[in-house]
Every structure is written in C-alpha cells, then in structure tokens.
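Asker: Provided below for reference: sequence and predicted model.
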Number of protein chains: 2
Amino acid sequence: MTTRRATITDVAALAGVSVATASKALNGRDDVRATTRQLVLDAAAQLSFQPNLLAQGLLSGQTRTVGLLTSDMVGRFGIPVLLGAENAFGAGEMAVLLCDARGDAIREQHYLRTLLSRRVDGLIVVGESTNPRPSITKDVPVPVVYAYAPSADPADVSFVPDDGGGARLAVRHLIATGRTRIAHITGPTTYKAAADRAEGVQETLEEAGLAQAGETFYGAWSQRWGRLAADMLLLNDPGIDAVFCGNDQIAAGFIEAARERGRRVPDDIAVVGYDNWEVLSEETRPTLTTIDPDLERLGHTAAQHLFAAIDGKATPGVHSMPTRLVIRDSTAPGIPDTPWQVSRGGSPP
Amino acid sequence: MTTRRATITDVAALAGVSVATASKALNGRDDVRATTRQLVLDAAAQLSFQPNLLAQGLLSGQTRTVGLLTSDMVGRFGIPVLLGAENAFGAGEMAVLLCDARGDAIREQHYLRTLLSRRVDGLIVVGESTNPRPSITKDVPVPVVYAYAPSADPADVSFVPDDGGGARLAVRHLIATGRTRIAHITGPTTYKAAADRAEGVQETLEEAGLAQAGETFYGAWSQRWGRLAADMLLLNDPGIDAVFCGNDQIAAGFIEAARERGRRVPDDIAVVGYDNWEVLSEETRPTLTTIDPDLERLGHTAAQHLFAAIDGKATPGVHSMPTRLVIRDSTAPGIPDTPWQVSRGGSPP
DNA sequence: CTACGTTACGAAAACCTTTTAGGTTATTTC
DNA sequence: GAAATAACCTAAAAGGTTTTCGTAACGTAG
C-alpha cells in the first residue's frame, strides 16, 4: 500500500532496455522490435506500471483535464447539466475537476485561479438560471463553454435551453387537443426563462388566431403559487379549458387546487408543466404532461463543443437546445399512441 | 489568449534574479532580502505568473487532488454527500476529480485506473444506498474513505447515516406527542436502510412498552405505495393514530390518501417521513415532520477524515452519522416552540 | 572491399518547480 | 589587518515522461 509506484525507469531496467525504448514500446511507436516490445510490456504488467500523467502533462502541455465551474450545485438544474458533461468527458480520456462556487463571485475567482494553476485544457461554466452571467473568457488562456446560463458576451460559446421553443411545443399540443382558452401561470418576472416562455406562449397563440386567457400570471416557482393562481384563475375566468404552467411545481399545485374546486383534469382543464421533474410529473394525479428541457443532453453537447474548442474549432454564439414534449395523462387521458405524440412517459430506462 | 503562460524563469529574468531566488521569494522562504522579494513579487504580478501545479506535484509527490468516485450521480442521495465533500475540499486547497461510474463495476475499474494515473492523494467513494459495497482499498496505494454506502470490509473507513437512530428519533417524537398506536410503512426489504429503520422502530416501541400497530409494511419508495398502504392500513386497523414512513414520498402519498378517507392529519393521525426532501416535505399539506439524514454533513465529515487519512491518521471502522428531527405540521399543528423540539422548518437559509 | 540504406536502440534534452549545497559579498570580531 | 560569521544569492539536481538525434549493427549493391 505504501510501496513506491513503479516508474518507466523500473520497467526499462526490468526489461533490460533504455527508458527511451521502453517509452516507445509502451506507446506503440513502431521503431522497436516486436520481441523487445513484448519484453517491455511484460515488465510493465509485472510491475503494474501506470504512466505518471503529471509528467506527461508537464511535457506535453496537455493535462486531459477540464474544469467544471458550477455556480450553485444545490439547485436542481445544474446537476443534470453537470451529469451530461461528466458523461461526455468520461467517454473520452478527459477528467473533470469539479468546483462549486456557490453563487459567490469571489469564490469563483479563487477556483478559477486554482484551475488555471492546474493547467486545465478547458473550462465549462454551468449556471443555475438561464439569465446571462458575466463572461470570464477573456481572463482565461483556455477555451470556455457556458452551459444553461449563457455568457453575457455573445461572442462566447453558450448553450441554453430553448425556452421559447418549449412553450411553443406545449401550446401547440394544447391546441392540437382541441383547447382554445389557454392560460399561462409562471414564475417571477426576474427569470429570463419565465419571460421567454411567456413570449413563446403569446406568439404561438397569435399564430393560431387565439387570444391568451387572461394575462400571464407571474408568481413564484412553487406549488403554493400554483394553488393560489388556480383559485384566482378559476374564479375570475371560469371558461378556461387549459393552462400551461411555468414549471412542474406550479402545475402540481394547480392540479391539486383544480381538483378540489371540482374541475376534472384533463376533461375540464388540461394542464401542461415544465421541467419534467419526475418526482412531481409522475406522481401527480393525473400524471403530468410536461416539457423536458433535456438538460443532460445540453450538458453533453456543451462538453463536446468544449472538446472541439480545445482542438481550435470553436463555434461562437448562443446555441438554443431543443426541448421535448412528454405527454402524460393531464392532457390526454388514456388515449393510445397518436400521431402528434412526441414521447410518452418520460425518458427510456 | 493563446499566449504562452509565464514560468518562474520568466519572472526571475524580469526581476533580475535567479530562479531559485524567485522561488524562495514567492514561497515566503526567509533567506531573501525584503527589497528583492518585492522585486520578484512585482515581476510575478506583472506577468500574472501562476505556478504550474503539475511541476510542483511531480516534485513533491503530492497533487493536492482527490478522486470522488460516485456509483450513481443520478440518484438523490449521492448529490448532497458529494456536495458536502466538495465543500470540505474546496475550503482547503484540495481539488476534486469527479467520476461517475453509473453503477457499473467495469467503469469503476476504469476510472480507478485513470485516477491513480493522475496520482490523486486519496479517494472518496460515495454509494447510492446504505447497502455495503465491495472494498477497493487493497487495490489502491492511497487512502480511501467510503461515504453513504459502507465498504464490505469493516477495516476500511466508512461513513453511513444512522438509520436506526433516525427511526428512534421519529418514534420517540410520536410517543412524546401522545401517540400510542404507531404503524410503520417503508420501502423494499432489499434495502438495508429499510431494515435498519424498521429495527429502530421495533426497539423504541418496546422500550416504551408499546406494540407496533400491524407488522412493518414493506413496499416501494414511492408515493403510490404510500397511498396504497394508507388504504390498506386504515381499512384493516382503523385505530392507529400515527405512522412513521420510510421516506417522504411514501409519507406524501399516505397523507394524501388519509385526507381523502376523511382522516385529519395530524389530529387523527400523525405522520413522520424520512429524508427531508424539501420539495415534498414542505409542500405536503400539512407540511411534513421528517428525519433529515444530514447527508451534506456526512459528506463533509468523510472528506475531513480523508484529509486525516492522507496525513496518516486514519480512523478505521463504520461511523454512524447522526440524523436530525425536523418538526413541521404533520405531527404538531400550530404548536409554538416546545421543549422537545429539535429544529423547525428545515435548515436555516 | 567500400558505400550506403535500414533497422533497432540509447543518450540527452525538454517540460517547470523546489531544494540542497555552495559561493560571493559585506560585516563583525579579535 | 586577518579571520570568522552572517546575509544573500546561484548553480545544479531531482521528479517521470516523451522526443529528437545519434550510433551501432547489419545487409545489400556496386
């Protein structure tokens, strides 16, 4: 356990060759005789030799390591992005240095310095909301990719979920199922995601020649607000037959309150959520049709583009990542597969 | 952006001293004149010099990096542990290499190799359930600490939540509030956590001279099972006045079903959950009294012990980490602060 | 037998930093 | 005025790997 680890010098000595030859044999270079190579390989196996990546990195200037700088890992949205990214990196030979700045700019600076000290090959910055965040690209001698929260500098490489598109998907689905009086309840106005989705709702309704039922109801991202909004909405505007909620919590609250007020979901009112947070969307009654922002894929794509950027092939700009409509019972009770169906019951196992 | 990074040689040249002197000046060694030191420091600042940690690590044999090997980051429990650990490391000068083996032993081996290749100073292995997992300690020349899932080898260092203690906390609380007919609904028998909690329930009831209401109801960790079990239980055994649920999802389902059957919570039946998963425990009606396993602290402690182990001060054995009772309205409606109260409304902001 | 090309291998430099062992001044002590 | 000390600084080695270049052996053609 505390035995010194074998170096290539040890391997070379055991094989009876020079370190240069050992290196070539181990790395598959071709000016080494087959028998010699086997000798070296056997020696390496016997000593369970593993090349010191520090030494390799020192020499090559490439550490095969990227820094993953997250602003708030506590939040729900950073995790899937991070997961997708880690996934993409792990598939190659890259390793991920994880740093959680916890929303603190000072801490972020600190982590940034240590990451650069460790000579990471690139950085991926994942934010906690889709609101733009300050760019760090110019302070840094390696490529940077922003995920979820875009950089404020449009010349940087950012990947964000297509909130407008998600809203369009939701509203089109409601229209396709025959709804015409559609309301929208969402989170705080300070969230760009809320504004983007509201805009998507507006546009889609106009395209269909429909008017939105009531103005957009901005509130909190909570179940409580969903219930409250339901009470207000059902009282003031009893004719609505569908509601698109800004997230699954609001939708869960809405469904609960609607049921208590004697409205049947989906028969009287169809409900669509957002986020596909399965602990909610699969446990409401009826289960919840919702928009899946596919954050894991977003993280994966961001990581792949970081690869590309490290290889000098950057793709600047803010890239909108498509979302998926997940149809469950809150809009389409027991209807078997239908043409307009995108996917049912969440992601495959 | 692509400009070569400054080395200590550049700094020394700019300051007009040798690299040795520059190194001493930068590292606060004391055989260097104050004026010379300032000269070096200015030069370093001007070039925004940052020491190459690879070179340092190569020399010292310490990389100030630990590997964080998680078996399944998708799950809910790994994340807080990971978070607490990252937190503890970030406070020092350690960095965390994140690897998600996704429950695959092959992948775990692969990651293990690359981590060792990178010469990490230690490893923390976080599992996804409290069931023991295979030990890797003997395959590895650095200290290893297990978090959440203990190592199957009792000589290793493991940190697990005290499930039995959590159950005791819950049942004592129910008894303290005057309940006497207490039932227990929990997850699958295959989970050690479920078994440990059930055992804790048994013991605590016996100590109090009470009998458990019905046997332990094993099922799934789902809201659905909570509803189903509620229906069964309230039908067969209408006299029960409290139920301790194996997790918050079961508890949420139970509360919902109980309400529909006309039982008031907590007046007729008190409910305690487990996990303090706030998206549920703060959104049920009434809000849910529950056990918080304090996983973040568990992760933090595990990380600190890894530090100690790296310094040669290991503390072998399986360490049970205490849980917290979080009292909300499902057991104590609107009662103001009372002596037996441990904490209210979850962790402070 | 000489000239030359090919093949297989080794010596040494390079990457960047820290540390050890000396070396050069200036200052003190007798 | 010589010797001892202190203060400051430098040269060189070490850490593990890859790469470049040099060299030796061998075979082939002239």
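Answerer: Thanks, I have the structure now.

Asker: Show me how chain A divides into domains.
Answerer: Structurally, chain A divides into domains by automatic domain parsing as follows: A:8-51, A:63-161+A:295-323, A:163-288.

Asker: mind putting those domains in TSV, mean neighbour count included?
Answerer: In this view, the C-beta of every residue, glycine as well, is placed from N, C-alpha and C. Listed next are these as TSV, based on neighbours: other Cβ atoms under 10 Å in any protein chain shown:
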stretch	mean neighbour count
domain A:8-51	16
domain A:63-161+A:295-323	20
domain A:163-288	21
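
Asker: nearest to DNA strand C, of the ones you listed?
Answerer: Of all these, it is domain A:8-51 that lies closest to DNA strand C, at 3.1 Å by Cβ to the nearest atom of the strand.

Asker: Can you add mean pLDDT and give the domains of chain A back as TSV?
Answerer: Converted to TSV, those look like this (pLDDT from 0 to 100):
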stretch	mean pLDDT
domain A:8-51	93
domain A:63-161+A:295-323	93
domain A:163-288	96
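
Asker: Tell me which of those domains lies nearest to DNA strand D.
Answerer: domain A:8-51 (3.2 Å).

Asker: Does the closest one reach DNA strand D?
Answerer: Yes. Against DNA strand D, domain A:8-51 shows contacts by Cβ under 7 Å from any atom of the strand at A:8-9, A:19-20, A:23-24, A:26-27, A:29, A:49-51.

Asker: wait, what's in contact with residue A:218?
Answerer: A:186-189, A:194 (Cβ atoms under 8 Å, 6 or more residues apart in numbering or on different chains).

Asker: switch the cut-off to 10 Å
Answerer: A:184-191, A:194-195, A:198, A:225, A:229, A:246 (Cβ atoms under 10 Å, 6 or more residues apart in numbering or on different chains).

Asker: got CSV for those residues, with secondary structure and distance to residue B:113 too?
Answerer: Converted to CSV, these look like this (DSSP: H, G, I helix; E, B strand; the rest coil; distance: Cβ to Cβ, whole Å):
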residue, secondary structure, distance to residue B:113
A:184, strand, 52
A:185, strand, 51
A:186, strand, 48
A:187, coil, 45
A:188, coil, 47
A:189, coil, 50
A:190, coil, 46
A:191, coil, 43
A:194, helix, 46
A:195, helix, 47
A:198, helix, 50
A:225, helix, 49
A:229, helix, 53
A:246, coil, 45
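
Asker: Closest one to residue B:105 out of the residues of domain A:8-51 next to DNA strand D, please.
Answerer: residue A:50 (19.4 Å; Cβ to Cβ).

Asker: Am I right that the closest one sits in a strand?
Answerer: No. Applying DSSP: H, G, I helix; E, B strand; the rest coil, one finds residue A:50 to be coil, outside a strand.

Asker: For it, list the residues it contacts.
Answerer: A:5-7, A:44, B:113-114, B:116-119.

Asker: try 6 Å
Answerer: B:116-117 (Cβ atoms under 6 Å, 6 or more residues apart in numbering or on different chains).

Asker: for the one 5 residues further on, same thing?
Answerer: Residue A:55 makes contacts with residue B:58, as judged by Cβ under 6 Å, 6+ apart.

Asker: Please, which helix or strand holds it?
Answerer: helix A:53-60 (DSSP states H and E).

Asker: Okay, now the sheet partners of the helix or strand just after that helix, with direction.
Answerer: Following helix A:53-60 in sequence order, the next helix or strand is strand A:65-70 (DSSP H and E). Here strand A:65-70 is paired, per DSSP bridges, with strand A:95-100 (parallel), strand A:122-126 (parallel).

Asker: Tabulate the domains of chain A (a markdown table), appending distance to DNA strand C.
Answerer: Output for the domains of chain A, formatted as a markdown table (distance: least, Cβ to the nearest atom of the strand, whole Å):
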| stretch | distance to DNA strand C |
| --- | --- |
| domain A:8-51 | 3 |
| domain A:63-161+A:295-323 | 9 |
| domain A:163-288 | 41 |
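
Asker: which one of these lies closest to residue B:72?
Answerer: domain A:63-161+A:295-323 (10.4 Å).

Asker: which residues of the stretch 201-349 of chain A fall in helices?
Answerer: Here the stretch 201-349 of chain A has its helices, by DSSP state H, counting those that start in this stretch, at A:223-236, A:248-260, A:278-281, A:295-310.

Asker: Please convert the ones you listed to TSV, extending it with distance to residue A:139.
Answerer: Converted to TSV, the helices of the stretch 201-349 of chain A look like this (distance: least, Cβ to Cβ, whole Å):
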stretch	distance to residue A:139
helix A:223-236	39
helix A:248-260	37
helix A:278-281	38
helix A:295-310	16
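
Asker: Many thanks, I have nothing further to ask.
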